[in-house]
Every structure is written in structure tokens, then in C-alpha cells.
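Chemist: Need coordinates for the following:
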Amino acid sequence: KQWYQRRVRGHSQEMNTLFRFWSFFLRANFNRKMYEEFRALAVEDARAGARYGLECLFRFYSYGLEKRFRSDIFRDFMDETLSDFDHDNVYGLEKFWAFLKYYKGDSNRLKVNIRITKLLEKYQTLDDFRREMFPEAYGLPPRTHTTSYSENKNEASAARTSSSSSTSERNRT
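Modeler: Sure thing, here's the model as predicted:
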């Protein structure tokens, strides 16, 4: 952790390697302390404008929960997905959508936050996410980014808190 604090956030190949390692290692060898450090540092980097660690965290959530479902990690996945969305990003939402689509376990265990369920209604395919992230490639006007990761963290946190209390079970087709 000291080494991490001395480096410039988001500009370290060593940290990117560590994020990638954690994303793969924790899927098969879950360790709570390691996971918590991974999550905290990934979110900290994202607040500083570097998203690679957060994207690795989302890949861990999506693929790791497919491999072994943990309800507490699933709740963290929902929290980080909403936070990411509240900061004008859909990467987390895309990974959450993919998890729901490909999860082969007991779907009754998935108590999906009602807000996430509503957000996902407009996305039917991966291409729907691509259109949102890269509209120019589809002949659409460019996205306008309204917030940075750190600008609205208090509002985003308040929105997550109010919406996380109401969850719904996702109907699987």
C-alpha cells in the first residue's frame, strides 16, 4: 500500500499489472482482504481519472461471480455498477448485463436492485452498449459527459443508498 501511495495514480504499469492479476487470481482464490484492497484502489484510481483498475474490478465481478456466486460480492457489484453509471459510464452496467445473461447458477439467488433492472431495460444486446459508448461509430451525435467521477460522488452515493434499499428479483428468460 505504501508503494501505491507514492506513485502517481492511474499512471503505473505496475499497478495495471496488479489490477489484472487481482482480477484473475481472486476468481479462483478468493481472499477478502485482497479483494477489499483491489476494490478500494480501483475506485481511488477511477476518482483520479484512470479507469483500468475499475474495469478489471468489473471483469472480476462478472466472471468471478459466474464461477462462484457470493451474495456480498454481488451486492458490491451492484453498488459499483450504480456508482459507475452515476458518473456517466456504462461499462459496469454492460458487465452486469453480461453477467445476468450468462450466469448459469440459480437465478433465484439474484436479488437485483430495482434501479439496475430499470436501467437495463433499454439494453437488449452488447451493441446497444457500444452505441451508447461510441455513438459516432453508428452515425449518432457524440455523447455529452455531464459529470466526472469525483464531481457528484455525494449525489451518486445518496442515489445508490436510496435505490439499494429496494431490490427486485430479475425474471430470467
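Chemist: switch to C-alpha atoms for all contacts and neighbour counts from now on
Modeler: Fine.
Chemist: my read: residue 99 touches residue 59, true?
Modeler: No: Residue 99 is beyond contact range of residue 59, at 9.5 Å (criterion: Cα atoms under 8 Å).
Chemist: Neighbour count: those two, which is higher?
Modeler: Neighbours were counted for residue 99 and for residue 59 using other Cα atoms under 10 Å; residue 59 has more, 21 against 18.
Chemist: can you tell me how far that one sits from residue 102?
Modeler: Going from residue 59 to residue 102 by Cα to Cα, to the nearest Å gives 13 Å.
Chemist: how about the strands in the chain?
Modeler: Secondary structure of the chain (DSSP state E): strands at 111-113, 167-169.
Chemist: Packing partners of the first one?
Modeler: The contact analysis (3 or more Cα pairs under 8 Å, 6 or more residues apart in numbering; DSSP states H and E) places strand 111-113 against strand 167-169.
Chemist: what's around residue 114, how many residues?
Modeler: For residue 114, the count of nearby residues is 17 (other Cα under 10 Å).
Chemist: Might you list the low-confidence residue ranges for the chain?
Modeler: Residue ranges of the chain with pLDDT under 70: 1-11, 131, 133-173.
Chemist: Noted, bye for now.
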